[in-house]
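> here is my input, please return the structure:
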Amino acid sequence: MTELQSRLLTSVILIPLALFALYFGGLPLVIALSVVAVVGTQEYILMLRNTGIQIKQYWIAVSLLLYLALVYSNGMEIPLLWIALLLLLLEAVLFWDAKKSVPRSFAMLFGIVYTALFPALIAKVGLLYPKQKILLALILMIWIVDSIAYFVGMKFGKKRNVTAISPKKSLEGFLAGAIAPWLILIIMYIGKQRFLPLSQMIVIAVAAGVFGQLGDLVESMLKRFCDVKDSSNLIPGHGGILDRSDSILLAGSFLYCALIILEKNVR
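A predicted model of the protein is given here:
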(Lines give C-alpha, C1' and ligand atoms only; values in the text may rest on other atoms or scores of the structure.)
Protein backbone atom coordinates (compact mmCIF):
# COMPACT_ATOMS: atom_id res chain seq x y z
CA MET A 1 0.00 0.00 0.00
CA THR A 2 1.40 3.39 -1.01
CA GLU A 3 1.61 6.36 1.36
CA LEU A 4 -1.22 8.11 -0.50
CA GLN A 5 -3.44 5.03 -0.14
CA SER A 6 -2.62 4.83 3.57
CA ARG A 7 -3.49 8.49 4.05
CA LEU A 8 -6.79 8.11 2.19
CA LEU A 9 -7.78 4.96 4.08
CA THR A 10 -6.93 6.53 7.42
CA SER A 11 -8.91 9.67 6.53
CA VAL A 12 -11.95 7.60 5.50
CA ILE A 13 -11.91 5.92 8.92
CA LEU A 14 -10.95 8.79 11.22
CA ILE A 15 -12.85 11.72 9.73
CA PRO A 16 -16.33 10.17 10.24
CA LEU A 17 -15.40 9.23 13.82
CA ALA A 18 -14.20 12.77 14.53
CA LEU A 19 -17.33 14.31 12.98
CA PHE A 20 -19.53 11.92 14.98
CA ALA A 21 -17.92 12.97 18.28
CA LEU A 22 -18.03 16.67 17.38
CA TYR A 23 -21.66 16.55 16.22
CA PHE A 24 -23.17 14.53 19.04
CA GLY A 25 -20.89 15.82 21.79
CA GLY A 26 -21.48 14.49 25.29
CA LEU A 27 -19.78 11.21 26.20
CA PRO A 28 -18.47 10.44 22.67
CA LEU A 29 -16.68 13.80 22.64
CA VAL A 30 -15.27 13.32 26.15
CA ILE A 31 -13.99 9.84 25.22
CA ALA A 32 -12.48 11.05 21.95
CA LEU A 33 -10.61 13.86 23.68
CA SER A 34 -9.52 11.54 26.50
CA VAL A 35 -7.75 9.51 23.79
CA VAL A 36 -6.05 12.72 22.67
CA ALA A 37 -4.99 13.39 26.28
CA VAL A 38 -3.61 9.88 26.90
CA VAL A 39 -1.98 9.21 23.54
CA GLY A 40 -0.84 12.84 23.24
CA THR A 41 0.91 12.63 26.62
CA GLN A 42 2.60 9.38 25.60
CA GLU A 43 3.80 10.94 22.34
CA TYR A 44 5.02 14.01 24.20
CA ILE A 45 7.00 11.90 26.68
CA LEU A 46 8.61 9.84 23.93
CA MET A 47 9.51 12.92 21.88
CA LEU A 48 11.20 14.57 24.86
CA ARG A 49 13.44 11.55 25.36
CA ASN A 50 15.35 12.72 22.27
CA THR A 51 16.36 15.80 24.25
CA GLY A 52 17.48 13.83 27.32
CA ILE A 53 14.40 14.82 29.36
CA GLN A 54 13.03 11.67 30.99
CA ILE A 55 9.43 11.92 32.21
CA LYS A 56 7.93 9.02 34.15
CA GLN A 57 5.16 7.02 32.50
CA TYR A 58 2.77 7.52 35.44
CA TRP A 59 2.28 11.10 34.24
CA ILE A 60 0.06 9.62 31.53
CA ALA A 61 -2.39 8.56 34.26
CA VAL A 62 -2.02 11.94 35.96
CA SER A 63 -2.78 13.68 32.68
CA LEU A 64 -5.91 11.58 32.14
CA LEU A 65 -7.18 12.16 35.69
CA LEU A 66 -6.53 15.89 35.40
CA TYR A 67 -8.33 15.96 32.04
CA LEU A 68 -11.43 14.22 33.45
CA ALA A 69 -11.41 16.39 36.58
CA LEU A 70 -11.22 19.55 34.49
CA VAL A 71 -14.00 18.40 32.17
CA TYR A 72 -16.49 17.56 34.91
CA SER A 73 -15.74 20.39 37.32
CA ASN A 74 -16.93 23.97 37.10
CA GLY A 75 -14.78 26.81 38.36
CA MET A 76 -12.09 24.42 39.65
CA GLU A 77 -9.54 24.91 36.88
CA ILE A 78 -7.06 26.92 38.97
CA PRO A 79 -7.16 24.64 42.08
CA LEU A 80 -6.75 21.54 39.88
CA LEU A 81 -3.81 23.06 38.02
CA TRP A 82 -2.31 24.06 41.39
CA ILE A 83 -2.54 20.44 42.55
CA ALA A 84 -0.84 19.29 39.35
CA LEU A 85 1.92 21.87 39.89
CA LEU A 86 2.31 20.67 43.49
CA LEU A 87 2.81 17.10 42.27
CA LEU A 88 5.47 18.33 39.86
CA LEU A 89 7.27 20.19 42.64
CA LEU A 90 7.08 17.21 45.00
CA GLU A 91 8.54 14.94 42.33
CA ALA A 92 11.36 17.42 41.72
CA VAL A 93 12.14 17.67 45.43
CA LEU A 94 11.92 13.94 46.18
CA PHE A 95 13.91 12.85 43.12
CA TRP A 96 16.23 15.81 42.86
CA ASP A 97 18.82 15.87 40.10
CA ALA A 98 20.87 19.04 39.80
CA LYS A 99 20.89 18.99 36.00
CA LYS A 100 17.57 17.33 35.14
CA SER A 101 14.89 18.09 37.73
CA VAL A 102 14.10 21.70 36.81
CA PRO A 103 14.00 21.17 32.99
CA ARG A 104 11.89 18.03 33.54
CA SER A 105 9.41 19.91 35.75
CA PHE A 106 9.00 22.76 33.27
CA ALA A 107 8.66 20.31 30.38
CA MET A 108 5.95 18.36 32.19
CA LEU A 109 4.14 21.55 33.18
CA PHE A 110 3.93 22.49 29.50
CA GLY A 111 2.85 18.94 28.73
CA ILE A 112 0.00 19.07 31.23
CA VAL A 113 -1.29 22.29 29.73
CA TYR A 114 -0.89 21.02 26.17
CA THR A 115 -2.23 17.47 26.50
CA ALA A 116 -4.64 17.70 29.45
CA LEU A 117 -5.87 21.28 29.93
CA PHE A 118 -6.37 22.09 26.23
CA PRO A 119 -8.39 18.93 25.44
CA ALA A 120 -10.44 19.49 28.61
CA LEU A 121 -11.35 23.04 27.59
CA ILE A 122 -12.41 21.79 24.16
CA ALA A 123 -14.60 19.12 25.73
CA LYS A 124 -16.17 21.74 28.00
CA VAL A 125 -17.18 23.77 24.93
CA GLY A 126 -19.13 20.77 23.66
CA LEU A 127 -20.73 20.14 27.06
CA LEU A 128 -21.63 23.79 27.69
CA TYR A 129 -23.05 24.39 24.22
CA PRO A 130 -24.53 21.00 23.20
CA LYS A 131 -27.12 22.32 20.73
CA GLN A 132 -25.06 24.93 18.88
CA LYS A 133 -22.54 22.47 17.35
CA ILE A 134 -19.83 25.08 17.91
CA LEU A 135 -16.98 22.57 17.83
CA LEU A 136 -18.22 21.12 14.55
CA ALA A 137 -18.28 24.62 13.06
CA LEU A 138 -14.76 25.23 14.38
CA ILE A 139 -13.24 22.06 12.93
CA LEU A 140 -14.89 22.63 9.54
CA MET A 141 -13.57 26.19 9.54
CA ILE A 142 -10.07 24.95 10.46
CA TRP A 143 -10.13 22.48 7.56
CA ILE A 144 -11.11 25.28 5.19
CA VAL A 145 -8.40 27.57 6.59
CA ASP A 146 -5.73 24.86 6.25
CA SER A 147 -6.73 24.15 2.65
CA ILE A 148 -6.78 27.81 1.61
CA ALA A 149 -3.54 28.63 3.43
CA TYR A 150 -1.82 25.65 1.80
CA PHE A 151 -3.10 26.48 -1.70
CA VAL A 152 -2.24 30.19 -1.50
CA GLY A 153 1.13 29.45 0.06
CA MET A 154 2.05 26.95 -2.65
CA LYS A 155 0.72 29.05 -5.55
CA PHE A 156 1.50 32.61 -4.50
CA GLY A 157 3.79 32.35 -1.48
CA LYS A 158 6.92 34.47 -1.93
CA LYS A 159 7.71 35.76 1.55
CA ARG A 160 8.92 32.61 3.24
CA ASN A 161 11.21 32.15 6.24
CA VAL A 162 8.86 34.39 8.21
CA THR A 163 9.53 32.11 11.16
CA ALA A 164 12.50 29.77 11.57
CA ILE A 165 10.17 27.16 13.07
CA SER A 166 8.55 26.44 9.71
CA PRO A 167 10.61 28.03 6.89
CA LYS A 168 8.36 26.64 4.14
CA LYS A 169 5.28 28.48 5.40
CA SER A 170 4.68 31.79 3.68
CA LEU A 171 3.28 35.07 4.93
CA GLU A 172 0.79 35.05 2.06
CA GLY A 173 -0.51 31.63 3.07
CA PHE A 174 -0.89 32.66 6.72
CA LEU A 175 -2.72 35.87 5.83
CA ALA A 176 -5.01 34.01 3.40
CA GLY A 177 -5.86 31.53 6.16
CA ALA A 178 -6.53 34.34 8.62
CA ILE A 179 -8.79 36.23 6.17
CA ALA A 180 -10.70 33.19 4.82
CA PRO A 181 -13.03 32.77 7.85
CA TRP A 182 -14.08 36.40 7.62
CA LEU A 183 -14.99 36.04 3.94
CA ILE A 184 -17.07 32.97 4.81
CA LEU A 185 -18.68 34.90 7.65
CA ILE A 186 -19.57 37.81 5.34
CA ILE A 187 -21.05 35.46 2.74
CA MET A 188 -23.13 33.69 5.39
CA TYR A 189 -24.29 37.01 6.84
CA ILE A 190 -25.33 38.36 3.45
CA GLY A 191 -27.06 35.10 2.58
CA LYS A 192 -28.80 35.12 6.00
CA GLN A 193 -27.38 31.68 6.79
CA ARG A 194 -26.90 32.29 10.51
CA PHE A 195 -26.56 28.90 12.15
CA LEU A 196 -25.00 30.49 15.22
CA PRO A 197 -25.17 33.93 16.86
CA LEU A 198 -22.93 36.45 15.10
CA SER A 199 -20.76 36.91 18.22
CA GLN A 200 -20.00 33.17 18.33
CA MET A 201 -19.24 33.08 14.61
CA ILE A 202 -16.77 35.95 15.03
CA VAL A 203 -15.00 34.08 17.83
CA ILE A 204 -14.87 30.93 15.68
CA ALA A 205 -13.39 32.97 12.80
CA VAL A 206 -10.62 34.29 15.04
CA ALA A 207 -10.00 30.86 16.58
CA ALA A 208 -9.71 29.07 13.23
CA GLY A 209 -7.99 31.81 11.23
CA VAL A 210 -5.35 32.84 13.76
CA PHE A 211 -5.06 30.39 16.64
CA GLY A 212 -5.52 27.29 14.50
CA GLN A 213 -2.50 28.29 12.42
CA LEU A 214 -0.53 29.23 15.55
CA GLY A 215 -1.33 25.79 16.96
CA ASP A 216 0.33 24.22 13.93
CA LEU A 217 3.43 26.35 14.53
CA VAL A 218 3.52 25.38 18.21
CA GLU A 219 3.55 21.70 17.29
CA SER A 220 6.27 22.38 14.70
CA MET A 221 8.29 24.16 17.39
CA LEU A 222 7.95 21.18 19.71
CA LYS A 223 9.02 18.71 17.02
CA ARG A 224 12.01 20.85 16.05
CA PHE A 225 13.08 21.01 19.69
CA CYS A 226 12.83 17.21 19.93
CA ASP A 227 14.36 16.72 16.46
CA VAL A 228 11.53 14.51 15.15
CA LYS A 229 9.52 14.64 11.94
CA ASP A 230 6.23 13.51 13.49
CA SER A 231 4.97 13.17 17.04
CA SER A 232 4.67 9.41 16.33
CA ASN A 233 3.80 7.01 13.52
CA LEU A 234 0.48 6.01 15.10
CA ILE A 235 -1.70 7.12 12.18
CA PRO A 236 -0.41 5.76 8.84
CA GLY A 237 0.46 8.59 6.51
CA HIS A 238 -0.54 11.26 9.04
CA GLY A 239 1.96 10.99 11.89
CA GLY A 240 0.78 11.05 15.48
CA ILE A 241 -2.30 12.22 17.29
CA LEU A 242 -0.62 15.52 18.22
CA ASP A 243 0.13 16.09 14.54
CA ARG A 244 -3.57 15.73 13.70
CA SER A 245 -4.91 17.76 16.61
CA ASP A 246 -2.35 20.58 16.85
CA SER A 247 -4.59 23.22 15.26
CA ILE A 248 -7.71 22.44 17.26
CA LEU A 249 -5.84 22.20 20.58
CA LEU A 250 -4.93 25.89 20.58
CA ALA A 251 -7.97 27.08 18.62
CA GLY A 252 -10.44 25.09 20.73
CA SER A 253 -8.96 26.17 24.06
CA PHE A 254 -8.97 29.79 22.89
CA LEU A 255 -12.59 29.33 21.82
CA TYR A 256 -13.57 28.18 25.32
CA CYS A 257 -11.88 31.18 26.97
CA ALA A 258 -13.39 33.64 24.48
CA LEU A 259 -16.90 32.21 24.89
CA ILE A 260 -16.68 32.37 28.69
CA ILE A 261 -15.52 36.00 28.55
CA LEU A 262 -18.24 36.81 26.01
CA GLU A 263 -20.91 35.16 28.13
CA LYS A 264 -19.89 37.06 31.27
CA ASN A 265 -19.85 40.38 29.42
CA VAL A 266 -23.31 39.73 28.00
CA ARG A 267 -24.64 39.08 31.47
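> per-residue confidence at the nearest residue to Leu88 once chain neighbours are set aside?
Distances taken as C-beta to C-beta, 6 or more residues apart in numbering place Ser105 nearest to Leu88, at 4.9 Å, with adjacent residues excluded. (Each C-beta comes from the backbone N, C-alpha and C, glycine too.) The predicted local distance difference test score for Ser105 is 91.
> which SS class is Ser105?
Here Ser105 is recorded as helix under DSSP: H, G, I helix; E, B strand; the rest coil.
> ok, now how distant is it from Trp82?
Computed with C-beta to C-beta, to the nearest Å, the distance linking Ser105 and Trp82 is 14 Å.
> thinking again about what came up before, quick check, the residue nearest to Leu88 in contact with Leu94.
No - with contact defined as C-beta atoms under 8 Å, Ser105 does not count as touching Leu94 (11.8 Å).
> comparing the two, which shows the higher neighbour count?
Ser105 (18 against 8; other C-beta atoms under 10 Å).
> now do the contacts for that one.
Leu88, Leu89, Glu91, Ala92 (C-beta atoms under 8 Å, 6 or more residues apart in numbering).
> biggest separation within those residues, which pair?
Comparing all pairs in the contacts of Ser105 by C-beta to C-beta, the longest separation belongs to Leu89 and Glu91, at 7.3 Å.
> ok, these two, which is more surrounded?
Glu91 (19 against 13).
> quick check: which element contains the more buried one?
Element membership of Glu91, judged by DSSP states H and E, is helix 77-94.
> mind listing what's buried in that helix?
Buried residues in helix 77-94, counted by 16 or more other C-beta atoms under 10 Å: Leu80, Leu81, Ala84, Leu88, Glu91, Ala92.
> hang on, the second one packs against Ala120?
No - counting by C-beta under 8 Å, no contact exists between Leu81 and Ala120, whose distance comes to 10.4 Å.
> just to revisit the earlier point, including distance to Lys100 and pLDDT, could the buried residues of helix 77-94 go into CSV?
Output for these, formatted as CSV (distance: C-beta to C-beta, whole Å; pLDDT from 0 to 100):
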residue, distance to Lys100, pLDDT
Leu80, 26, 91
Leu81, 23, 91
Ala84, 20, 91
Leu88, 13, 91
Glu91, 11, 90
Ala92, 9, 89
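> between the residues you listed, which is nearest Ala178?
Minimum distance to Ala178 across those is 30.1 Å, recorded for Leu81 (C-beta to C-beta).
> grab the nearest non-local neighbour of that closest one.
Closest to Leu81 by C-beta to C-beta, 6+ apart is Leu117, at 7.0 Å.
> need the contact list for the one you found.
Leu66, Tyr67, Leu70, Glu77, Leu81, Ser253.
> any idea how far it is from Ala123?
From Leu117 to Ala123 the distance is 11 Å (C-beta to C-beta).
> any common contacting residues for those two?
Joint contacts of Leu117 and Ala123 (C-beta under 8 Å, 6+ apart) are Tyr67.
> contacts for stretch 30-43, please.
Residues beyond stretch 30-43 that count as contacts (C-beta under 8 Å, 6+ apart) turn out to be 17-18, 21, 59-60, 63-64, 67-68, 71, 111, 114-116, 119-120, 122-123, 126-127, 231-232, 234, 240-242, 245, 249.
> buried residues, that stretch. List them.
By neighbour count on 16+ other C-beta under 10 Å, the buried set for stretch 30-43 is Val30, Ala32, Leu33, Ser34, Val36, Ala37, Val38, Val39, Gly40, Thr41, Gln42, Glu43.
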